[in-house]
Structure formats: structure tokens, C-alpha cells
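In: Quick one, structure for this:
(2 chains)
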Number of protein chains: 2
Amino acid sequence: MPRRPVVAVLEGTRAVRGLERVAGLAEVRITRAPDLGQALAGADVLYLWDYFSGALPAAWHAAGSLRWLHVAAAGVDKLLFPELVASDVVVTNAHGIFDQPMAEYVLGAMLHAAKGFGPLRDQQYEGLWGWREGRNIAGTRALVVGTGSIGRHTARLLRAVGVHVEGAGRTPREHDDDFGRVHASADLAGVVGDVDWLILVAPLTPATENLVDARVIDALPSSAVLINAGRGRLVDEEALVRSLTGRRLAGAVLDTFVVEPLPPGHPLWSLPSVLVTPHMASNADSWLDDLAAQFERNFLLWMAGEPLPGVVDKALGYVPSGTSR
Amino acid sequence: MPRRPVVAVLEGTRAVRGLERVAGLAEVRITRAPDLGQALAGADVLYLWDYFSGALPAAWHAAGSLRWLHVAAAGVDKLLFPELVASDVVVTNAHGIFDQPMAEYVLGAMLHAAKGFGPLRDQQYEGLWGWREGRNIAGTRALVVGTGSIGRHTARLLRAVGVHVEGAGRTPREHDDDFGRVHASADLAGVVGDVDWLILVAPLTPATENLVDARVIDALPSSAVLINAGRGRLVDEEALVRSLTGRRLAGAVLDTFVVEPLPPGHPLWSLPSVLVTPHMASNADSWLDDLAAQFERNFLLWMAGEPLPGVVDKALGYVPSGTSR
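Out: Okay, here's the model as predicted:
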């Protein structure tokens, strides 16, 4: 009888769930950050249920038998330290789980800005009946930066409500099924001059860090709204604050920030044209159960020696588009 | 040469626009409320650009030659006084102009509630990073009360984003193109027990006044959200406040109220689960130009003796569904 595989599970403040079938097939070691090294000794699989943890580098010395790491998150920017990247360990992420909540968050953010719900909410608490027109989003132009699973789902949802969508990604192309045209992210400043919505759902990688810099922000029309549901460091946050403060940009809806939680006193907290949300765009309904079910599915595939969906290209820093749709 | 027709135009605080072609074909008399009677003497057409005005009954004695009245609004509840209803004057409204903004307002209202943008906005000004999950709207159930042009456009938009939609109207029916099933509005209490969203875009008529009474409100699930973009008097506002205050209803997004502007100190201003918007759901982008262009189109049809679109059934109090789509 072959050795039962060992699955180390890093739990955080939120208890892991849905490991019943896995526990029937493997030795499951549920651990917290301080004991991660101990749990990793001899482990074949590491399951990062606590997806924000930065505990792995310090425990890496004990990961000699590790073959597969699954993280219950979409972005792997905090995870990909050099030793992991250089290793043979296969990394998979929560590919697909966040597509629907993220796309709906983006659509909701657009309508929030278009209908002026932020300023109307502010008036409400003053008891002010200040009539103002809204805008329609049908017929407006959105540029979605990030052409992975989340970006594609977002593009399809926006198209369904009549928004003109194009994409921006690493590789420019024409005739994309979801985006029509995909521009090169590197050329962003040259293509944002007529967009109504600049939507960031890209992964954070060396190639995308600071992608929306002062030059890009200054190239946006003053009527444009920035929506960042990707990562804070995609944006030059200081340049963004300057532009919003000077009303050279109509507004922003931001779910991610350079520092999270957004520090007290940060100017973004108090700008009326900004909606700050606490990194929750991807979290809706049954997401925790969906994450648990996904790991179980993946584990059964792994046991059967089948290819895993959602394999991260560790050099690129994300799941390449089209590999597991 | 036949007599040039006379077109009286009631202007309010907002200047009328787009009458150039009409003025080439008719005598145009632009007036304000105090002089309406004078302008109506001998007039063939009355164009209520000031759609909220209640000035017509007092000037009705002078309307003996009136044949057609066009109002630049969707709801005609304030307009249909007994003498007008009894007369042969054809009444048309701004049929179709508000379909897109209203549908988008409803979708935006749903996402605002589903993602918790109201409470998040409140936290923002306190500098509070209070993480909370959102809900997805895909797969949720909406009941749209009002099966006219606006209700149908709303249903189609919600279906496009994955919401299960049914309708409620005067006449129940199965297999409706836009709604699937249409319930009888009179049976509302019996059919709202499993809806996530109760959406009001119905006209205010004797049959719909107080349609959403305490019985209907109590029949809603505690997770449901009411969206009223129709008329305030469709709802028992006191029962609604009681239900929201007691958290027996998750929330409401309200654009219309029994008294407008919503009076200072009214409890709806300060309920955190409520978004109050100042009767602006139908107003977006080029709506004023669209209204102007619609009257010009209708006037040219009228001059040519062609049937007019958007004719109000004065006994019902709205444009019957299907008559001018």
C-alpha cells in the first residue's frame, strides 16, 4: 500500500472548511503560521487557506518534499518569493472562483459613479434634496486592464449591458472573443485618452507594478473614473490623489491600496469623489465554500495524476489566459 | 392656405428647447403658469415641458380648442384631472425616453445594496476599514411591478446580467417575452415571499395607489430590498419605515416619496439601510434633448395626421403595454 500523502493546511483567523474527503485520502496537518515549518516537514501538498499569510519564506527550509502548493486566492504577488519561483513546486490558485463577484463589483462601481450615489449618500445624512442628473453607462467606453479569467468575465458582463469594452494586457491582439481589441499594457498612456472607465483587474507583477503612473493618469479625460479591484501597487497612488484633488479626474472606486488596511488619515478616505471599499470585491455569497470545493476537486485530480487547472506561471506571476478556461 | 396651428408651451424654471422646426409650422406661445389660460385660448396643442406643473386645471376653461396635450414625463398621475379625462383631448407622454436611465438606476440600486456600498461609504468618512462580504446579484430573484415600457426594459437589463425576473401588472399572464410570468398586482402579498428584490416602476393610478401596503411589506423575506423608482404613493411609507427600522426588511433604495422633496426630519433620511435619491432615476445624459426631439417628431406626425406614439389611456392612467413598442 502506497504511503498516504501529507497535506499541510495553513489556517488563519478563519477556520478551514471542507476537508472531509481529503482527510480520507491523506494525512492532513492543519497549522497556524508559527508552526508551519513543523507541518511542512515531509508534506507533499501545502494548502494556503490563509491566503494573505506571509509565513512561507521563513518555513521554506522544511519544504523539501513539497510538490504542489494551492492558494485560496487569485493574486499570488505576495506568495512568489525567489526560492518558490526557482523550485519545481507546482503553484495553483483559486482560478475562476472570483470571476462573478469581481465582475459585479466593477459593474456596481460604474453605476455608483454614473448615478452619483456617493454624493447623494453624503447629502442624505444632511437631509439635503439636491437634484442631480445621472449618466447612462450604455454606450460608454471601458478599458479593462487584465485579460485573465476575471478580466474576461468582467468584459462579458459589461458588454451585456451595452458598454463598449476593450482590453489591455501583456500581448496586444485584435479580434479577441471577449475584448475585441487588446492593447499592450505598456502603451496605456496612448490609449486611455477617450475612455470613460479605466478598470484594473490585472495581477501585480514586475511588469504591472506602477502601470497606471502619473503619465497614464494625466492622459485620462477629466470625466473618467478609475476602478481598481486588482492591486494597489498597480497605481501611482500619490499621482492619483493629486489628480482627484485637483479634479482632473472625475472619480475613483478603489478596493485595493498600496498599504492595506488603508492607513488612518490617508487622503483617499476623505475625497468625496472616491469610494473606498475594504478589499472585498472578490468576496460574495458562497465564496468560502466555493474555495473549499475547488481544493477538494483539485486534490482528487492531483491524486489521480491528472493535470491541475489554474496553474500559475511563476515567471509571469499569474495563470496565463486560456490555459484553464 | 389653412390656418397655422397654435402650440402653447408651458415652461418652468428650465427653458424649453428644440422648438425650431415646430415654430416654422405653427404659432408657438411659450408661457409660464400664471399666463397659461391666455396662451391656451385658441390653442390646438399644449406641450407641458414643465412636467411637474399643476397649473392646467385652473386654466382649463380656456382650453376649448385643445386637441392634443403632450407631457415631457412618463407618469401622468398629477395631470389626469377629471375634466381632461372626460374630454376628447389626446394625451401623449414621453414614452421610451426614460427606459434606459430607469433600468440602469434599478440595476445600480441592486448592486449598491448587494455590495453594501451604503454602509461602506458611511465607514469611509470615519476612516474605518470594516471588511464585509458582498452578495452576487446573478441568480437572485427580482419582481418588477410595472409591465410598461420602463418595466420591460428593466427586465431585459436584469436578465442580461443573470437575474431571475418575473413581473407584476394589471393582467396576469404566462409566457411573456420579457417577464416570463406576470403576476396580478392585486395578489402581490402572495407572490413576494421568495423575492430578493421588489422593484417598483409602475404608474400611480387608483389601482396601484398603496399597492405595497403593510401586508405586502410583511410578506417580503427579511433579506429583501425594495427599490421604488415609480411613485411614492405606490407604497405605504409608514409601514415601510416601521419594517426597515425593525430590520424586518434588509434595505431600500428610494427615488420617489409620498411628499417630494422628502421633508426635513423624515425618518427615511437617516436609516442606514436606505439610500435616498432625489427623484433623478429617469434623468441622465441627453434626456432633455431627447424629450425635445420626441416632441418635434410627434408634432410632425400630428401635422401629417399620422397616429401618435405613447398615447395615454386616460381611464387606465398610463400607456398600455404593447401599444407603441
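In: Point out where the stretch 1-150 of chain A drops to low pLDDT.
Out: Where the stretch 1-150 of chain A drops to pLDDT under 70, the residues are A:1-2.
In: Which parts of it are strands?
Out: Using DSSP state E, counting those that start in this stretch, the strands of the stretch 1-150 of chain A run over A:6-10, A:27-31, A:45-48, A:68-71, A:90-92, A:141-145.
In: Also the stretch 151-300 of chain A?
Out: A:164-169, A:173-176, A:180-184, A:197-200, A:225-228, A:251-254, A:274-276.
In: can you list the domain ranges for chain A.
Out: A:6-97+A:285-303, A:99-276 (automatic domain parsing).
In: could I get the ones you listed as TSV with mean neighbour count and distance to chain B?
Out: Bear in mind the C-beta positions are built from the backbone N, C-alpha and C, glycine included. Shown next, in TSV, are the domains of chain A (neighbours: other Cβ atoms under 10 Å in any protein chain shown; distance: least, Cβ to the nearest Cβ, whole Å):
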stretch	mean neighbour count	distance to chain B
domain A:6-97+A:285-303	18	5
domain A:99-276	20	3
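In: Tell me which of the ones you listed sits nearest to B:Pro267.
Out: Nearest to B:Pro267 among the domains of chain A is domain A:99-276; the distance by Cβ to Cβ comes to 11.1 Å.
In: Quote the end-to-end distance of that closest one.
Out: 21 Å (Cα to Cα, to the nearest Å).
In: again, but for stretch A:232-242
Out: End-to-end distance of stretch A:232-242: 16 Å, with Cα to Cα as the criterion.
In: got it, and stretch A:179-189?
Out: 19 Å.
In: And the helices in the stretch 151-300 of chain A?
Out: A:188-191, A:214-219, A:237-245, A:287-303 (DSSP state H, counting those that start in this stretch).
In: Switch the strands of the stretch 151-300 of chain A over to JSON lines; also include mean pLDDT.
Out: Converted to JSON lines, the strands of the stretch 151-300 of chain A look like this (pLDDT from 0 to 100):
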{"stretch": "strand A:164-169", "mean pLDDT": "98"}
{"stretch": "strand A:173-176", "mean pLDDT": "96"}
{"stretch": "strand A:180-184", "mean pLDDT": "98"}
{"stretch": "strand A:197-200", "mean pLDDT": "98"}
{"stretch": "strand A:225-228", "mean pLDDT": "98"}
{"stretch": "strand A:251-254", "mean pLDDT": "98"}
{"stretch": "strand A:274-276", "mean pLDDT": "98"}
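In: can I get those in JSON lines with distance to A:Leu69?
Out: Formatted as JSON lines, the strands of the stretch 151-300 of chain A follow (distance: least, Cβ to Cβ, whole Å):
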{"stretch": "strand A:164-169", "distance to A:Leu69": "25"}
{"stretch": "strand A:173-176", "distance to A:Leu69": "31"}
{"stretch": "strand A:180-184", "distance to A:Leu69": "30"}
{"stretch": "strand A:197-200", "distance to A:Leu69": "26"}
{"stretch": "strand A:225-228", "distance to A:Leu69": "27"}
{"stretch": "strand A:251-254", "distance to A:Leu69": "30"}
{"stretch": "strand A:274-276", "distance to A:Leu69": "32"}
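In: Ramachandran angles for the residue nearest to A:Ala292 when sequence neighbours are not counted?
Out: Excluding the flanking residues, the one nearest A:Ala292 by Cβ to Cβ, 6 or more residues apart in numbering or on different chains is A:Gly18, at 2.8 Å. A:Gly18 has phi and psi values of phi 80, psi 30 when expressed as degrees, to the nearest 10.
In: In contact with A:Gly18, which residues?
Out: Listed by Cβ atoms under 8 Å, 6 or more residues apart in numbering or on different chains, the contact partners of A:Gly18 are A:Asp289, A:Ala292, A:Ala293, A:Phe295, A:Glu296.
In: For the stretch 151-300 of chain A, give me the ranges with low pLDDT.
Out: The low-confidence ranges in the stretch 151-300 of chain A, as defined by pLDDT under 70, are absent entirely.
In: Now A:Ala113. Nearest residue, chain neighbours left out?
Out: The shortest distance from A:Ala113 to any non-neighbouring residue, by Cβ to Cβ, 6+ apart, is to A:Val225 (4.6 Å).
In: repeat for A:Val85
Out: Nearest to A:Val85 is A:Lys314, by Cβ to Cβ, 6+ apart, at 4.6 Å.
In: coming back round to it: how about the helices of the stretch 151-300 of chain A in a markdown table, adding distance to A:Gly230?
Out: Listed next are those as a markdown table, based on distance: least, Cβ to Cβ, whole Å:
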| stretch | distance to A:Gly230 |
| --- | --- |
| helix A:188-191 | 13 |
| helix A:214-219 | 14 |
| helix A:237-245 | 13 |
| helix A:287-303 | 18 |
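In: Out of the ones you listed, which is closest to B:Ala55?
Out: helix A:237-245 (44.2 Å).
In: follow-up on the earlier one: give the phi and psi angles for the residue nearest to A:Val85, as a check.
Out: The phi and psi values for A:Lys314, taken as degrees, to the nearest 10, are phi -70, psi -20.
In: Verify the stated contact: it with A:Phe81.
Out: No. A:Lys314 lies out of contact with A:Phe81 (Cβ atoms under 8 Å); the separation is 10.4 Å.
In: ok so, going back, which ones are touching the residue nearest to A:Ala113?
Out: Residues near A:Val225 by Cβ under 8 Å, 6+ apart: A:Ala109, A:Met110, A:Ala113, A:Asp196, A:Trp197, A:Leu198, A:Leu249, A:Ala250, A:Gly251, A:Ala252, A:Val253.
In: Next: A:Ala160.
Out: Contacts of A:Ala160 by Cβ under 8 Å, 6+ apart are B:Ala160, B:Val161.
In: Please determine how far it is located from A:Asn298.
Out: From A:Ala160 across to A:Asn298, the span is 30 Å (Cβ to Cβ, to the nearest Å).
In: Kindly report the same for A:Asp99.
Out: 17 Å.
In: cool, and A:Asp196?
Out: For A:Asp196, the distance to A:Asn298 - Cβ to Cβ - is 39 Å.
In: One more: A:Glu174?
Out: For A:Glu174, the distance to A:Asn298 - Cβ to Cβ - is 34 Å.
In: got it, and A:Val144?
Out: From A:Val144 to A:Asn298 the distance is 27 Å (Cβ to Cβ).
In: what do you get for A:Gly42?
Out: 21 Å.
In: Could you state which residue of chain A sits nearest its centroid?
Out: With distances taken as Cα atoms, centre = their mean, the residue of chain A nearest its centroid is A:Gly230 (4.4 Å).
In: Once you drop chain neighbours, what's closest to A:Ser270?
Out: B:Tyr125 (7.0 Å).
In: do A:Gly193 as well
Out: A:Ala219 (5.6 Å).
In: Now for the one you found: which residues touch it?
Out: A:Leu188, A:Ala189, A:Gly190, A:Val192, A:Gly193.
In: could you dump the residues you listed to a markdown table with distance to B:Glu209?
Out: Formatted as a markdown table, these follow (distance: Cβ to Cβ, whole Å):
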| residue | distance to B:Glu209 |
| --- | --- |
| A:Leu188 | 54 |
| A:Ala189 | 56 |
| A:Gly190 | 57 |
| A:Val192 | 50 |
| A:Gly193 | 51 |
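In: Among these, list the two that are farthest apart in space.
Out: Pairwise distances across the contacts of A:Ala219 peak at 10.5 Å for A:Leu188 and A:Gly193 (criterion: Cβ to Cβ).
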